[in-house]
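Peer 1: The following comprises the amino acid sequence and a computationally predicted model.
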Amino acid sequence: MVITGLVFAALAALLHVYVFVMESLTWTSPRTRATFGTSRQEAEATKELAFNQGFYNLFLAIVTAIGIVAVASGHDAVGAALVFAGAGSMAAAALVLLTTSPDKTRAAITQGTLPLIAVVLVAVGLAV
C-alpha cells in the first residue's frame, strides 16, 4: 500500500510541477489564461502573484519527490515525513481553495485528490 501511495504522491508532484509551469512561466499565454479563466488584463495584473504562487507549487512537488526518493532508499521515517509534508500541504491547499472559492470546486478537486489519496495510502500502509 505504501508503494501505491508513493505512486499517487509522484502523480501529485508532477501535477504541481505542471501548475508551476502555468503559473510561473506561461501565465499570460492564451492557453493558460483559458485554463484559469482570466482575461489578458487580469493575467497581466496578477502576473507577479502567479509567479510567486507557482514556486509554492514547485517547492511542494520537490519536497514530495525527495520524500519518495527517501522511502525508496530505505529511509522510511524521513521519507514519509516529507511525503506527508508535501502532499499533505497540497491537499490542505485544495481544501482552502474549496472552502474559500466554491466557484473553483473543479480546480480544488483536481489539485487535492491525488495528494489526499497519497497521504491516506501511505499512512495506512505504514500503520499495517
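Peer 2: Nice, I can see it. It should be emphasised that the depicted structure is a prediction, and the values quoted were computed from it without experimental measurement. Numbers count the residues shown, from 1 in each chain.
Peer 1: Now do the contacts for Phe84.
Peer 2: The contact partners of Phe84, by Cβ atoms under 8 Å, 6 or more residues apart in numbering, come to Gly67, Val119, Val122, Ala123. (Each C-beta comes from the backbone N, C-alpha and C, glycine too.)
Peer 1: So which of these sit within helices?
Peer 2: Gly67, Val119, Val122, Ala123 (DSSP state H).
Peer 1: Give the burial count for the closest residue to the third one other than its chain neighbours, as a bare number.
Peer 2: Ranked by Cβ to Cβ, 6 or more residues apart in numbering and with sequence neighbours excluded, the top spatial neighbour of Val122 is Gly5, at 3.6 Å. Counted by other Cβ atoms under 10 Å, the residues lying close to Gly5 total 24.
Peer 1: Output the contacting helices and strands for the helix or strand hosting Gly5.
Peer 2: Take DSSP states H and E as the rule and Gly5 turns out to sit in helix 2-20. Helix 2-20 makes packing contacts with helix 47-72, helix 76-100, helix 105-127 when contacts are defined by 3 or more Cβ pairs under 8 Å, 6 or more residues apart in numbering; DSSP states H and E.
Peer 1: Tell me how far the longest one lies from the chain's centre.
Peer 2: What it means is helix 47-72. Chain-centre distance of helix 47-72: 7 Å, with Cα atoms, centre = their mean, to the nearest Å.
Peer 1: Now do that helix against helix 76-100, angle only.
Peer 2: Comparing the axes of helix 47-72 and helix 76-100 via axes from the mean of the first three to the mean of the last three Cα atoms, to 10 degrees yields an angle of 150 degrees.
Peer 1: So for helix 47-72, what gets flagged as buried?
Peer 2: Across helix 47-72, burial judged by 16 or more other Cβ atoms under 10 Å covers 50, 53-54, 56-58, 60-68, 70-71.
Peer 1: try the last one
Peer 2: Buried positions in helix 105-127, judged by neighbour count with 16+ other Cβ under 10 Å: 107-108, 111-119, 121-123.
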